[in-house]
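A.B. asks: Starting from these lines, generate the structure:
(chains A and B)
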There are 2 protein chains.
Amino acid sequence: MSGSTAGPEALEPLVRAVLAALADGAARRGGPVPAGPPDALAEHVAGEYAAARGEGALSRLTSLLAYGSADPADPLCAAHLHCPPLAVAVAADLAVSALNPSQDSWDQAPAATTLETLLLGEMAELVGYDERAAGVLTSGGTESNLMGLMLARDRVVGRASGRQVELAGVPRRGPRLRVFTSAAAHFSVQRAAALLGLGEDAVVPVAVDRDLRMDPDALAEALDRCADDGGLPVAVVATAGTTDTGVIDPLRACAELAAEHGAWLHVDAAYGGGALLSDRLAPLLDGLALADSVSLDWHKLGWQPVAAGVFLVRRAETYASLARRAVYLNPPDDEEAGYPSLLGLSLRTTRRADAFSIAVTLRTLGREGLGRLVDACHDLARAGAEAVRSHPRLELCSEPELTAFLFRYLPARGPYDPVRTDRINAALRRGLLREGRAVVGRTELPGTGPGRVRLKLTLLNPHATPADVERLLHAVAEAGRAEEAAEEAAGRHTGETGEETP
Amino acid sequence: MSGSTAGPEALEPLVRAVLAALADGAARRGGPVPAGPPDALAEHVAGEYAAARGEGALSRLTSLLAYGSADPADPLCAAHLHCPPLAVAVAADLAVSALNPSQDSWDQAPAATTLETLLLGEMAELVGYDERAAGVLTSGGTESNLMGLMLARDRVVGRASGRQVELAGVPRRGPRLRVFTSAAAHFSVQRAAALLGLGEDAVVPVAVDRDLRMDPDALAEALDRCADDGGLPVAVVATAGTTDTGVIDPLRACAELAAEHGAWLHVDAAYGGGALLSDRLAPLLDGLALADSVSLDWHKLGWQPVAAGVFLVRRAETYASLARRAVYLNPPDDEEAGYPSLLGLSLRTTRRADAFSIAVTLRTLGREGLGRLVDACHDLARAGAEAVRSHPRLELCSEPELTAFLFRYLPARGPYDPVRTDRINAALRRGLLREGRAVVGRTELPGTGPGRVRLKLTLLNPHATPADVERLLHAVAEAGRAEEAAEEAAGRHTGETGEETP
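C.D. replies: Just a heads-up that it's a prediction; the model follows:
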């Protein structure tokens, strides 16, 4: 057992074995991701898993996990909002694992209950909320967005603890409930609408401008049209840092329009919330404090191990849906006796003390120290965008507002063919993965039809250098040329006309 | 940064500092929980948190967290389904923190994706499912129960990806959707119904027998009445191991009745699933394989750090609500190229590789080794129940079917007064907490009116001894006598008749 006074001694040799196996696995991987096709890796993993037995299993499987990782600490792994965690955060998280507090009752987490509350106070201040705010740690933006929409729904249709007929009552005689978000917002908005019983198509996609930012005129028009059609706007979900390009919707305009139409404003700042740590970038989030609720994720631009989501509500009295008395967790006489309870703030019951690693990191580095890491990633993204711009075969497709940008490879031969360009970009990315050379993101621009596939770099490793990013982009261009050559060769083999021998 | 080849070296001194601070904090605590009233602890935590700065913050706050823990590794901490994690599981979880895989796409978790799939296959086999099963790791029983009810709802009202009108359509012209579960089931069933838009009062509480087990005749009657009233039974939720007493609903009878009424059967085996590891206890879960879906929690009777929830579905084709294509995570051409995706199995997007510590534990100890731990806790509970039975002032209120039982202190003086008995039991438990002597559970029997408060021991520490449990019960009885004495003294002071001077 890992707790009590004897636990640390029992842990010591095991932890040492894990550190050795992590180093061993990373060395065997020798790059950002293991080389080879996915089925070969799966077969290797299955073999190792079957062979692991008894005391050696920990080292063997840890080495396997490390070998088989896409490692965000490698500068050539820059696809997703998937950060390399800080060593101090990982060490703090070890304490959480070992002590295993659970945040659903004081008598499972006496100190951790207070620490979470203190951290949430700091988070509220960071966002610009006052002392009326409340919040909770979540598993990430998807859960936080769900909670924002749940509060918005319940404000309209009556407390969730109420009767189904109240929910059903609205569409029965009244208007259809609607949620407004941009076409570039995260799919978790649709997911939340489905889970909440509103249906995915309750979500009205609002048009974006060239930079994929929500167009406030389009939002105004959509809200007006909703009223005209007898719909009821439940919520506007603005994004502060879209998943693909990191752009920030016009938060003040969204807040004004939401207020005008009586809708809840939820801001998904899962990615962009990290900008609050940086003096340089924080002004981009102007208006955030007007939101009724906010999602923040410190496992994105905050270098925490997963999960480190935070959900905040501007005014605690609007945070009622989950209020809950459980006789085995928070009886009223315990609360009267001064035992606080976080149960009524979370969708979960048992809940890991994810606040701890964030709290330790914040106390170790301070906002300033973390802000320097944010700025370093922003600088890296700008350098990367510049490198794309000056490369003859790469096209920059979005500016790095935060730490990510879209680009693509433009084939050297033949006229522009959107289908072929999509295919080559998708294939070159898989080629880089298969060769274990680089982990690059891939997405599609909103809309329909070919020509929308884009590559993406999400730069979350503050220790990477501009030279690393250039190396990464060089690998992309090289892989693009290789795919072109392979296509031409395949074209010849299948009898199509090859234009030229490479 | 904790990853790559350099990460383990950076982690080493920090991890060493954490282990030292854990030992220091546990020694300062000197018992299962820190002594003192909750506000004093909160003030201490706030002071330490404010004072923690820079490099020393990790040690200072870790020692604080350890000092301020209710430590499930201490034999006198036995309140909740809150287990002491195995050192090997905690060490494995450190690897997860350090590498930070995220299960929402292959290129964030190449090996971890396969390991999760392999583990789920073993879990399905443990439950008795065949190769048609599917599943996912969850944050715990609450999320797993939500998923079970979501699938049940969507089977009835159409895919969640559909229109709100489909959900609303049912109550509009059709029957009211109903969920059936016992009065002793976990409150997450009501929570899930609210979140899903069915309303909490869609949940029909089914009567329980004397042992708090769902009464199959009562279920049959409730289902028949529902049909007569024009309601539509969406799901039956049976519990295999209730939170308070660990009893197991009659699973075969529930399955038959659910099938007869066309309802989905979800079994909440968050606690009782652990019995599957034990040859002695596994037969109690006979019929589990008939469930359409199951919740298991290895952070309960499985000695994992939180979270280690598992949600399983008997037939993968019924697991459709979350099927999801996200262009940046699982584009179709990647899947065609052999890159698997777990995205469509989870409510979350970013997701920690919680499967890893379970997998390592299973490979290290085997089912047999884990089964011995389950049996040890079961033996402990039986010894504890026997000790209660033979104690003149303690009353046993439930038999330990798994590893928990209810009991209470019976005041020595005066005739039985249910209000006073409740008050003294509640107060003695807080007294033990305040003195840092013991962490005992407290709950209430289903129903209304006074006399329902019970104390609870949940024995999840296989290294505790019957002597430890006797010590715990002795402390309870002593605290009960002290509360009685205090009440009498206070009664005298306030002018009431004191019967006797203690």
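A.B. asks: Hmm, residue A:303 is touching residue A:360, no?
C.D. replies: No. Counting by Cβ atoms under 8 Å, residue A:360 is not a contact partner of residue A:303; they are 11.9 Å apart. Where you see a C-beta, it was placed from the backbone N, CA and C, and this is true even at glycine.
A.B. asks: So what does the residue in the stretch 151-300 of chain A that chain B sits nearest to have for phi and psi?
C.D. replies: In the stretch 151-300 of chain A, the residue that lies nearest chain B is residue A:197 (2.5 Å; Cβ to the nearest Cβ). When quoted as degrees, to the nearest 10, the phi and psi of residue A:197 stand at phi 90, psi 10.
A.B. asks: Do a quick rundown of the strands in the stretch 401-502 of chain A.
C.D. replies: A:404-409, A:441-444, A:453-458 (DSSP state E, counting those that start in this stretch).
A.B. asks: Chain B: which of those is closest?
C.D. replies: Short answer: strand A:441-444, nearest of these by Cβ to the nearest Cβ, at 3.9 Å.
A.B. asks: List the neighbouring strands of the closest one plus their orientation.
C.D. replies: Applying DSSP bridges, strand A:441-444 is found paired with strand A:453-458 (antiparallel).
A.B. asks: Can you check what angle separates the strand it pairs with from strand A:404-409?
C.D. replies: For strand A:453-458 against strand A:404-409, the angle by axes from the mean of the first three to the mean of the last three Cα atoms, to 10 degrees is 140 degrees.
A.B. asks: Just the strands from the stretch 101-250 of chain A, written as ranges.
C.D. replies: According to DSSP E, counting those that start in this stretch, the stretch 101-250 of chain A carries its strands in the segments A:134-138, A:177-182, A:203-206, A:232-239.
A.B. asks: what's next to the third one, contact-wise?
C.D. replies: It stands for strand A:203-206. A:178-183, A:189-190, A:193, A:214-215, A:218-219, A:222, A:226 (Cβ atoms under 8 Å, 6 or more residues apart in numbering or on different chains).
A.B. asks: Closest one to residue B:287 out of these, please.
C.D. replies: Minimum distance to residue B:287 across these is 36.1 Å, recorded for residue A:193 (Cβ to Cβ).
A.B. asks: restrict the contacts of strand A:203-206 to contacts with chain B.
C.D. replies: Among the contacts of strand A:203-206, the residues lying close to chain B (Cβ under 8 Å from any Cβ of the partner chain) are residue A:190.
A.B. asks: for the strands of the stretch 101-250 of chain A, which one sits closest to residue B:454?
C.D. replies: strand A:134-138 (29.3 Å).
A.B. asks: Can you list the buried residues in stretch A:3-13?
C.D. replies: Neighbour-count burial for stretch A:3-13 flags A:3, A:4, A:5, A:7, A:8, A:10, A:11, A:12 (criterion: 16 or more other Cβ atoms under 10 Å in any protein chain shown).
A.B. asks: Quick check: which of these are also close to chain B?
C.D. replies: A:3, A:4, A:5, A:7, A:8, A:10, A:11, A:12.
A.B. asks: Spit out the contact partners of the second one.
C.D. replies: Shown in contact with residue A:4 (Cβ under 8 Å, 6+ apart): B:26, B:71, B:73, B:74, B:84.
A.B. asks: Checking it next. Helix, strand or coil?
C.D. replies: coil (DSSP: H, G, I helix; E, B strand; the rest coil).
A.B. asks: where do the helices sit along the stretch 201-350 of chain A?
C.D. replies: A:216-228, A:251-260, A:332-336 (DSSP state H, counting those that start in this stretch).
A.B. asks: How many residues are close by residue A:229?
C.D. replies: Counted with other Cβ atoms under 10 Å in any protein chain shown, residues neighbouring residue A:229 total 10.
A.B. asks: before we move on, what about residue A:394?
C.D. replies: 20.
A.B. asks: And for residue A:468?
C.D. replies: When counting by other Cβ under 10 Å, one arrives at 19 neighbours for residue A:468.
A.B. asks: Surely it and residue A:73 touch.
C.D. replies: No. Between residue A:468 and residue A:73 no contact is recorded; they are 11.8 Å apart, counting by Cβ under 8 Å.
A.B. asks: Present the buried residues of stretch A:3-13 as CSV; the columns should include distance to residue A:32.
C.D. replies: Converted to CSV, these look like this (distance: Cβ to Cβ, whole Å):
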residue, distance to residue A:32
A:3, 36
A:4, 40
A:5, 41
A:7, 35
A:8, 34
A:10, 34
A:11, 30
A:12, 31
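A.B. asks: with these in mind, which one is nearest to residue A:137?
C.D. replies: The closest of those, once distances to residue A:137 are taken by Cβ to Cβ, is residue A:3, at 21.3 Å.
A.B. asks: Could you list the low-confidence segments of the stretch 51-200 of chain A?
C.D. replies: Where the stretch 51-200 of chain A drops to pLDDT under 70, the residues are A:158-174.
A.B. asks: residue ranges of the helices in it, please?
C.D. replies: A:57-67, A:87-99, A:110-127, A:141-157, A:164-173, A:188-195.
A.B. asks: helices or strands next to the shortest one in the packing?
C.D. replies: When you say that, I think you mean helix A:188-195. helix A:141-157, strand A:177-182, strand A:203-206 (3 or more Cβ pairs under 8 Å, 6 or more residues apart in numbering or on different chains; DSSP states H and E).
A.B. asks: how about the ones you listed, which one is nearest residue A:326?
C.D. replies: helix A:141-157 (18.9 Å).
A.B. asks: got the angle between that closest one and strand A:232-239?
C.D. replies: Using the same axes, to 10 degrees: helix A:141-157 against strand A:232-239 is 160 degrees.
A.B. asks: by contact count, what packs against helix A:141-157?
C.D. replies: In terms of contacts (3+ Cβ pairs under 8 Å, 6+ apart), helix A:141-157 is packed against strand A:134-138, helix A:164-173, strand A:177-182, helix A:188-195, strand A:232-239, strand A:264-269, strand A:293-297, strand A:309-313.
A.B. asks: Dump the ones you listed into JSON lines; add mean neighbour count and distance to residue B:231 as well.
C.D. replies: Converted to JSON lines, the helices and strands packed on helix A:141-157 look like this (neighbours: other Cβ atoms under 10 Å in any protein chain shown; distance: least, Cβ to Cβ, whole Å):
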{"stretch": "strand A:134-138", "mean neighbour count": "26", "distance to residue B:231": "34"}
{"stretch": "helix A:164-173", "mean neighbour count": "19", "distance to residue B:231": "11"}
{"stretch": "strand A:177-182", "mean neighbour count": "27", "distance to residue B:231": "24"}
{"stretch": "helix A:188-195", "mean neighbour count": "26", "distance to residue B:231": "23"}
{"stretch": "strand A:232-239", "mean neighbour count": "29", "distance to residue B:231": "28"}
{"stretch": "strand A:264-269", "mean neighbour count": "29", "distance to residue B:231": "32"}
{"stretch": "strand A:293-297", "mean neighbour count": "31", "distance to residue B:231": "34"}
{"stretch": "strand A:309-313", "mean neighbour count": "28", "distance to residue B:231": "34"}
